[in-house]
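In: Quick one, fold the following:
(3 chains)
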Amino acid sequence: MIKRTNWVSALKTLPFNELLAATTELSSDWTLRPKSMPQSGLGMLKIKESAFNEQFYLGEFCLSSAWLEVTTPDGQVAEGAAQVMDDRVELAEALALCDAILSAQLPGWEKISSMIERGLIIRETTHKERKQILARTQVDFSLLDDANDKGNAHVSN
Amino acid sequence: MGYVAIKGGGQAIDETKKVFDYLRTRQSDDALPLDSNIIENQLRLLHSRVISEGGVYHPRLASIAIKQSQGDTLEAAFALRAYRSTQPRLLETPLHDTSKMRITRRISSAFKDISGGQMLGATTDYHLRLMRMELLDESPEKFRAIAQQWLKNTAIENIPDTFPKVLESLRAEGLLPPIDKNPVEQGPFDITREPLVFPVPRSAALATMARGEQGSLLAIAYSNMRGYGDVHPTVAELRVGYLPVLLPHPITGERCEIGEVEITECEVVAMYEEPGDTTPQNKVHSNMNKSKPTFTLGYGACFGHNEVKAISMAILDRALQKGMADGPTNPSEDPEFVLLHVDGIDSMGFCTHYKMPHYVTFQSDMDRLRATQQKSNPKESI
Amino acid sequence: MLVIDPVWQADTQQAHFRLLLDAMAYPGRCLIFKTLPIDGGQVALTVLSTLLDAEVSLADPHKLLKDDDWKMLQTNSVTVDEADYILCTGSQFTRFTPKLGSLKSPEQSATIILVVDKLGEGELQLNLSGPGIQVNQLLSVTGLAPQWLALREECNAAFPLGIDLILIDDTQIAALPRTTKVEIL
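Out: The predicted structure follows:
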C-alpha cells in the first residue's frame, strides 16, 4: 500500500474533473460533515537560508484544506483530511474524501488506489525528466583536457 | 470647476477599459486569444518574474495577470499582489530546507569539482545573441517535434535525488563563520503583517528583496559591483529547482507533500573579514573562533527561475549586513535606501500616481509663483 | 455534498457581526440573533464563529467548548491572561487578570463573552448610561454573578485600557463596552 503521505501529491497530478467525478460518485449516498471548515487561502513558506541558517519567509502560496467525517449508509464512519497547493477548495474536499476512503477502506477504495498508482507514474515521469536535464548538461571537466573537444556540456539544436 | 472636470471623466474612464481590451484583440480576423498554458510554458521566465514580484506562488493566476496586463510586468505583479490581499492566511509552514530541492540547474563559480557535479541545465549563459529568424515562421509540427526529439534520447544516468550545499564543504574547512548552534528563538519578520520600521532584522530584508522588482535589485547591486561598495562576490552555488512543500497531515501529523514551488537560490562568498570586524555574525562568532578571519556570505532566493534576481539579492544581502553593522558608506549598504525602493508595486504605484489630477495643488503653485514674480518685479506684473 | 451548520456560513456570520456592532453601539439593548448552532451545540458559537479566526486567540477556562468546536473555530488556544477572547459561564465567577491593552493600543485587550441564563429578565437589574444610550438603559439578567461587574470596574479603572463584555443567552446578545457606566440597582 502506498504511503498515506504521498496520496495528495499523486492524486493532484490527475485532472481535477476526473478526481471530482470519482469522489462524487463514490460518496453519493454518504453523509459528509466537516470536522474543520473547508477553506481556501494562503500558506506562508518559511525557509532556512544557507549562509547562516537563519529563518525567513520566502513568500506565500495558494492553499486549500479540508477535514471531513464520512458516514456510509451501513454505519461505517471514517475521517479524512487533506491540504493541497491549490486555490480550489473542492479539490481539497475531494482529496480529503480520498484520504477517508482509502485509510478506512470504504466501498470503492480500489478505484482511489488505482488513481494513486497512475498519479505516481506521472510524478515519476516528471522526476525523470528533471534528471535527464541534469544528466544531459552535466559538465565533464576531464574533456577540457582533450584536444579534440567533442562538444561537452551544451547541446545545440 | 474642479468637480466638473472630475465628473466629466467618468465616461472616458469606462472607455479606457474597453479600448485597452480593443488593443489586445485587434489582430487579424483569424487571430486566437493567448492560452494561459502558452504563457506558463513559452514565456516561462516572464511568468517566473511575475510570480516572484507578486509575492504569491500561483502559476495559473500569474498567467492570467500577464494576459490581462498585456505583458506589463509591474501591472501583472500588482494584480497578483491585489489577489493575495483578498485571501486569508491559513498557516505558516514548518521550516523548509532548500537542500531538499529537486534540482534542474546547479553550478558553482568558486569550485570546479563539487560533490554531485556541475549541471548547467536550461541556461542562456552560452547562447549566441543572434536572432533566431526561423522562429518567425514556426509551424506547429516543427514546434512539437522539438520536445519529442529531446525526450527520445532518454539517457538517464545515476543522478541523485538531492545535492549537498557547496557551502557546507567550505564550512567544514573552517573558512566560514560557524553557525550559531543555539540561535535566539525569534520568529522571522513578516513583511505582509508589519511595516518596515528601521532598523529591521535580516529576515525582513530577505523577504522584501525576495519579492522585489528585478530591475531595481539589479541596478542597486550593480552599483555595488562597480565600486559603490565592496562585496567582490564569487558565486559559491547557484541552484534552480523545485522545493517540495510539506505540511503535517491534519489527522496523522506526518509530513505530506502538498505541492512544489520552483525557486532560484544563490550563495555568494564575499571578501573575508578579520575577527573583531563588526559584522554581527563575526561579532558573535569571533568569541568562538578568536584569531581566524573568515569569508563573509550573502544569500539570495526567490520564487521562479530568476538568476539575475537571486544573484543581485545575495550581493545586496552581504552589502546590507555590512551596512547594518558598520553604518552604510554606499547606497547599496543602506537598508532604508535599498529596502524602501525595491518593491515594484510601491515604486510603480507612486510613479503612476503623478498622472492623477493635481489641478488644485498645481493651481496654488501657479498662484504662488505669480505672487513671487510680482514681488520681485512689481513693474512687470503679468 | 457537505452538510454545514449555518452558524459556520458566511451569510449567517455577517448577520451576526452586524448584530454585534449594533449591540456595542447601543449598550444594554438585547438583540435577537439569526440562528443557533444545531444539535444542541454551545450557544456561544454564534458569537465565537463570527469573531474568531487563526489570527486571534481564545481561552475557555470553564471548558464550555468541545474538541470538535475548537477544530471548527480554527483559532489559537491560550491562557486567560494572553487571550483576545475569553469564554465563561456567567453564573460562575472565576478571578483572573485579562489583557487590558496599552495606552498606545488600548484595543489589544480582552473581550469577555459570558453565557447567562436569561437577558431581559431577572433579579439582577443594571442601570446603564453613557455613549450610545440616550439617558438610561435598564438591563435585567438572570445567571450573571455580580463579581463579573466588579472585575469589569477594576479592569476599566484606567480607561481607555480595559475590557469589553458580551452577554449571551439562548436567543439574544447584549454588550457592555468599557465606555458604559453600570449601576447595580
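
In: what about the helices in the stretch 51-200 of chain B?
Out: Under the criterion DSSP state H, counting those that start in this stretch, the stretch 51-200 of chain B carries helices at the ranges B:59-68, B:73-85, B:140-152, B:166-172.

In: make that chain A, sorry
Out: A:7-11, A:16-26, A:89-103, A:109-136 (DSSP state H).

In: The shortest one near chain B anywhere?
Out: It refers to helix A:7-11. Yes. With Cβ under 8 Å from any Cβ of the partner chain as the criterion, chain B is reached by helix A:7-11 at A:7-9. Backbone N, C-alpha and C define where each C-beta goes, glycine included.

In: do the same with stretch C:103-113
Out: No. Counting by Cβ under 8 Å from any Cβ, chain B has no neighbours in stretch C:103-113; the shortest distance is 13.5 Å.

In: pLDDT weak spots in the stretch 1-150 of chain B?
Out: In the predicted model of the stretch 1-150 of chain B, residues B:1-8 satisfy pLDDT under 70.

In: ok, the residue in chain A that chain B sits nearest to - contacts?
Out: Closest to chain B within chain A is residue A:85: 2.6 Å, counting by Cβ to the nearest Cβ. Counting by Cβ atoms under 8 Å, 6 or more residues apart in numbering or on different chains, residue A:85 makes contact with A:12, A:43, A:61-63, B:57, B:245, B:258-261.

In: Near chain A, which residues of chain C are found?
Out: C:1-4, C:8, C:68, C:71-72, C:74.

In: Now, of those, which are buried?
Out: C:72, C:74 (16 or more other Cβ atoms under 10 Å in any protein chain shown).

In: Point out the ones among the residues of chain C next to chain A that are inside helices.
Out: Going by DSSP H, the helices hold C:68, C:71-72 from those.

In: Could you double-check that residue B:244 lies in contact with residue B:97?
Out: No. With contact defined as Cβ atoms under 8 Å, residue B:244 does not count as touching residue B:97 (10.6 Å).

In: So for those two, which sits in the more crowded spot?
Out: residue B:244 (16 against 13; other Cβ atoms under 10 Å in any protein chain shown).

In: Checking the more buried one next. Helix, strand or coil?
Out: Following DSSP: H, G, I helix; E, B strand; the rest coil, we place residue B:244 in the strand state.

In: do the same with residue C:95
Out: coil.

In: Quick check: nearest residue in space to it, chain neighbours excluded?
Out: Leaving aside its chain neighbours, residue C:95 sits nearest to residue C:151 (7.2 Å; criterion: Cβ to Cβ, 6 or more residues apart in numbering or on different chains).

In: again with residue B:238
Out: residue B:266 (4.8 Å).

In: before we move on, what about residue C:12?
Out: Closest to residue C:12 by Cβ to Cβ, 6+ apart is residue C:6, at 4.6 Å.

In: Pull the number of nearby residues for that neighbour.
Out: 16.

In: Now stretch C:150-162: buried residues?
Out: Per 16+ other Cβ under 10 Å, stretch C:150-162 contains these buried residues: C:151-152, C:155-156, C:161-162.

In: same thing with stretch B:91-99?
Out: B:91-93, B:96, B:98-99.

In: From the chain's centroid, how far away is stretch B:315-324?
Out: 16 Å (Cα atoms, centre = their mean, to the nearest Å).

In: Average pLDDT for that stretch, rounded please.
Out: Averaged over stretch B:315-324, pLDDT sits at 95.

In: Quick one: residues in contact with it.
Out: A:51, B:199, B:202, B:205-206, B:209, B:217, B:220-221, B:224-225, B:229-231, B:233, B:268, B:270, B:279-281, B:296-300, B:329-330, B:332-335, B:338-339.

In: Now go through those residues and say which are in strands.
Out: B:268, B:270, B:296-300 (DSSP state E).

In: near chain A, which residues of the stretch 1-150 of chain B?
Out: So far as Cβ under 8 Å from any Cβ goes, the stretch 1-150 of chain B lies against chain A at B:52, B:55-58, B:60-61, B:84, B:87-99, B:102-106, B:112-113, B:117-122, B:126, B:146.

In: Chain B contacts on chain C?
Out: C:53-55.

In: Among the contacts of stretch B:315-324, the buried ones, what's the ChimeraX command?
Out: Applied in ChimeraX, the following selects the buried portion of these according to 16+ other Cβ under 10 Å:
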select /A:51 /B:202,205,206,209,217,220,221,224,225,229,231,233,268,270,279,281,296,297,298,299,300,330,332,333,334,335,338,339
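
In: Now flag whichever of the buried residues of stretch B:91-99 is closest to chain C.
Out: Among the buried residues of stretch B:91-99, and counting by Cβ to the nearest Cβ, the member closest to chain C is residue B:91, at 7.2 Å.

In: Tell me how far the closest one lies from residue C:76.
Out: 12 Å (Cβ to Cβ, to the nearest Å).

In: go on, residue A:28?
Out: For residue A:28, the distance to residue C:76 - Cβ to Cβ - is 37 Å.

In: quick one: residue A:76 and residue A:105 touch, right?
Out: No. Judged on Cβ under 8 Å, residue A:76 makes no contact with residue A:105 at a distance of 9.4 Å.

In: so how far is residue B:369 from residue B:375?
Out: 11 Å.

In: Also residue B:175?
Out: The value you get for residue B:175 to residue B:369, if Cβ to Cβ is used, is 63 Å.

In: neighbour count winner among the two?
Out: residue B:175 (15 against 11).

In: For the closest residue to the more buried one other than its chain neighbours, which residues are in contact?
Out: In space, residue B:175 comes closest to residue B:295 once its chain neighbours are excluded; the distance is 5.6 Å by Cβ to Cβ, 6+ apart. Going by Cβ under 8 Å, 6+ apart, residue B:295 touches B:170, B:175-177, B:269-272.

In: And what about the residue nearest to residue C:95, helix, strand or coil?
Out: Classified using three-state DSSP, residue C:151 is helix.

In: Report pLDDT for it.
Out: 97.

In: Quickly note the distance from it to chain B.
Out: 32 Å (Cβ to the nearest Cβ, to the nearest Å).

In: ditto for residue C:17
Out: Taking Cβ to the nearest Cβ, one finds residue C:17 at 15 Å from chain B.

In: before we move on, the earlier item: identify, from the ones in strands among the contacts of stretch B:315-324, the entry nearest to residue A:132.
Out: Nearest to residue A:132 out of the ones in strands among the contacts of stretch B:315-324 is residue B:300 (Cβ to Cβ; 27.4 Å).

In: Could you pull up the residues touching that closest one?
Out: B:209, B:265-268, B:309-317.

In: can you tell me how far the closest residue to it other than its chain neighbours sits from residue B:208?
Out: Computed as Cβ to Cβ, 6+ apart, the closest residue to residue B:300 that is not its neighbour in sequence is residue B:313, at 3.0 Å. Distance, residue B:313 to residue B:208, using Cβ to Cβ: 10 Å.

In: more neighbours, the two?
Out: residue B:313 (31 against 22).

In: What are the buried residues along the host helix or strand of that one?
Out: If you go by DSSP states H and E, residue B:313 is part of helix B:307-326. For helix B:307-326, burial by neighbour count (16+ other Cβ under 10 Å) applies to B:307, B:309-325.

In: Put the alpha carbons of the longest strand along chain C into PDB.
Out: In chain C, taking DSSP E as the definition, the longest strand is strand C:118-129. Provided in PDB are the C-alpha atoms of strand C:118-129 (Å, rounded to 0.1, in the frame of the first residue of the first chain):
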ATOM      1  CA  LYS C 118     -31.700  35.000  30.500                       C
ATOM      2  CA  LEU C 119     -31.300  38.500  29.200                       C
ATOM      3  CA  GLY C 120     -34.100  41.000  29.900                       C
ATOM      4  CA  GLU C 121     -35.400  39.100  32.900                       C
ATOM      5  CA  GLY C 122     -34.100  38.500  36.400                       C
ATOM      6  CA  GLU C 123     -33.200  39.800  39.800                       C
ATOM      7  CA  LEU C 124     -30.000  41.500  38.800                       C
ATOM      8  CA  GLN C 125     -31.100  44.900  37.500                       C
ATOM      9  CA  LEU C 126     -28.500  47.100  35.800                       C
ATOM     10  CA  ASN C 127     -28.900  50.800  35.100                       C
ATOM     11  CA  LEU C 128     -26.700  51.800  32.200                       C
ATOM     12  CA  SER C 129     -25.600  55.200  30.900                       C
END
